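can't give you the sequence, but here's the structure:
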């Protein structure tokens, strides 16, 4: 029997097996770079997947008015009706797709949306395919929920995007219950063409696979526009957020567009898990749809930084990267310098004072040879980061 002293120290407590997920290295780097900045160190922060710009003025003004009006209480579980209607109008105005506001669920960021969608769609033991390299939280959330994750390694021949043929082959090898893809993608910035997206939707519908389309970086494209999966399948589950294009990361507000049979299950889950998304953020988010002029100016800054990186990175030995079609990332091959991207990023932060995210976050098999550079900061900061890397890599 444990002694009283052992009980006091908490030695009887052991973490649940479901908590044994890999760390989100981007956030570990974020924490260390923030510590250095707080200590007065000049760090160029190219690790964070969040806009350097503040939320639009209209958004902040809407929040201020709401606070001045008084009480901020719960909302309906699936969101304020006018916000759900505004999100539905966004699909009509942007993509020409008619969406019933009743299919929209407002969530606590896209992260809260993933938890609700996964719980509503997949039982323990289900198999869900994701792209590799890909966003690490997908794997971690799915594994914590007892879902088996199947990696789909992309190829240069396919422009580093998953194709319908890849999904069909994985499903033939062992039945898939779901496929979760992002376009534009994190960490690569690659985008599916309309033809590829249409084929993926058709493949999933034909095979009875649930397709979850993460469209969080829509609006942040440079050479061609992104298309929603709703144009090709009413069975698709859409995840989006006000975090990236709308510059509202810390507001923690996102949404799902759900097939009608899944709406009530998700609502019941949300009633117990969160009651509702933050009311103040919901009120502010509704104003974001009227802030496009300000947001497009931010996007033009990203485009400037992207063009500069495309030109300058090859000249400092970082010329191998995935197509940067959208989002605000460059996924760079650093194999000529290292086979340990985590150690490389640590040295980069310590010696060059540039923060980046190791590729191991996004690809457990090949990520030791890659890192992600974010250009979500100002063009001036990005240029300073490249200048420091040029001097450091000599």
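Cool, got the structure. Every value quoted in this text rests on a predicted model; they were computed, and no experiment measured them. Numbers count the residues shown, from 1 in each chain.

I'd like to know how far residue 355 sits from residue 36.
8 Å (Cβ to Cβ, to the nearest Å). (Each C-beta comes from the backbone N, C-alpha and C, glycine too.)

Common neighbours of the two, please.
Residues touching both residue 355 and residue 36 by Cβ atoms under 8 Å, 6 or more residues apart in numbering: 43, 349.

The two: which has the busier surroundings?
Set residue 355 next to residue 36 and count neighbours by other Cβ atoms under 10 Å: residue 355 wins out with 25 against 16.

dump the residue contacts of the more buried one.
29-30, 32-33, 43-48, 345, 348-349.

Closest to residue 217 out of those residues?
Distance to residue 217 across the contacts of residue 355 (Cβ to Cβ) is lowest for residue 48, with 14.5 Å.

Near residue 39, how many residues? Count them for me, please.
Neighbours of residue 39 under the rule other Cβ under 10 Å: 8.

do residue 250 as well
Residue 250: 11 surrounding residues under other Cβ under 10 Å.

next one: phi and psi at it?
The phi/psi pair for residue 250 (degrees, to the nearest 10) reads phi -70, psi -10.

any idea of the pLDDT on it?
Note on residue 250: pLDDT of 96.

What average pLDDT does the helix or strand where residue 285 lies get?
Here residue 285, judged by DSSP states H and E, is contained in helix 279-288. Computed over helix 279-288, the mean pLDDT rounds to 98.

which secondary structure elements does it contact?
helix 57-69, helix 81-95 (3 or more Cβ pairs under 8 Å, 6 or more residues apart in numbering; DSSP states H and E).

Now mean neighbour count and mean pLDDT too, for these, in a markdown table please.
Formatted as a markdown table, the helices and strands packed on helix 279-288 follow (neighbours: other Cβ atoms under 10 Å; pLDDT from 0 to 100):
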| stretch | mean neighbour count | mean pLDDT |
| --- | --- | --- |
| helix 57-69 | 15 | 97 |
| helix 81-95 | 17 | 98 |
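
Compare the ones you listed and give me the one nearest residue 150.
Comparing these by Cβ to Cβ, helix 81-95 comes nearest, at 29.0 Å.

Toward the C-terminus, what is the element adjacent to that closest one?
strand 104-107.

What's the local residue count around residue 211?
24.

That one is in what secondary structure piece?
Assigned by DSSP H and E, residue 211 falls in strand 210-214.

for that strand, packing partners?
Counting contacts by 3+ Cβ pairs under 8 Å, 6+ apart, strand 210-214 packs against helix 109-121, strand 178-182, helix 194-207, strand 237-241.

Nearest to residue 156 among the ones you listed would be which one?
When the helices and strands packed on strand 210-214 are compared by Cβ to Cβ, helix 194-207 sits nearest residue 156, at 14.9 Å.

The helix holding residue 285: how far from the chain's middle?
Helix 279-288 has its C-alpha centroid displaced from the chain centroid by 20 Å (Cα atoms, centre = their mean, to the nearest Å).

Turn the helices and strands packed on strand 210-214 into a markdown table, including mean neighbour count and distance to residue 374.
Shown next, in a markdown table, are the helices and strands packed on strand 210-214 (neighbours: other Cβ atoms under 10 Å; distance: least, Cβ to Cβ, whole Å):
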| stretch | mean neighbour count | distance to residue 374 |
| --- | --- | --- |
| helix 109-121 | 22 | 17 |
| strand 178-182 | 25 | 15 |
| helix 194-207 | 18 | 25 |
| strand 237-241 | 25 | 17 |
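
In TSV: the ones you listed, plus mean pLDDT.
Output for these, formatted as TSV (pLDDT from 0 to 100):
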stretch	mean pLDDT
helix 109-121	98
strand 178-182	98
helix 194-207	98
strand 237-241	98
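
out of these, nearest to residue 286?
Minimum separation from residue 286 across the helices and strands packed on strand 210-214 (Cβ to Cβ) falls at strand 237-241, 14.4 Å.

list the helices and strands that closest one packs on?
Packing contacts for strand 237-241, counted by 3+ Cβ pairs under 8 Å, 6+ apart, involve helix 109-121, strand 210-214, strand 254-257.

sorry, back to before: so which of the contacts of residue 355 belong to strands?
If you go by DSSP state E, the contacts of residue 355 have 44, 45 in strands.

are any of the contacts of residue 355 buried, and which?
Buried members of the contacts of residue 355, scored by 16 or more other Cβ atoms under 10 Å, are 29-30, 32-33, 43-48, 345, 348-349.

Which one of these is nearest to residue 238?
Checking these against residue 238 with Cβ to Cβ, the nearest one is residue 48 at 24.8 Å.

returning to that earlier point: possible to save the helices and strands packed on strand 237-241 as a markdown table with distance to residue 190?
Output for the helices and strands packed on strand 237-241, formatted as a markdown table (distance: least, Cβ to Cβ, whole Å):
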| stretch | distance to residue 190 |
| --- | --- |
| helix 109-121 | 19 |
| strand 210-214 | 13 |
| strand 254-257 | 22 |
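
To residue 381, which of the ones you listed lies closest?
helix 109-121 (24.8 Å).

Which other helices and strands does the closest one contact?
Applying 3+ Cβ pairs under 8 Å, 6+ apart, one finds that helix 109-121 makes contact with strand 104-107, helix 136-144, strand 210-214, strand 237-241, strand 254-257, helix 260-273.

contacts for the last one?
Looking back up the chat, that one is helix 260-273. For helix 260-273, contacts defined as Cβ under 8 Å, 6+ apart pick out 77-78, 100, 102-103, 105, 107, 112, 115-117, 119-121, 237, 256, 258, 276.

hmm, try it at 10 Å
76-79, 100, 102-108, 112-113, 115-121, 210, 234-235, 237, 256-258, 276-277 (Cβ atoms under 10 Å, 6 or more residues apart in numbering).
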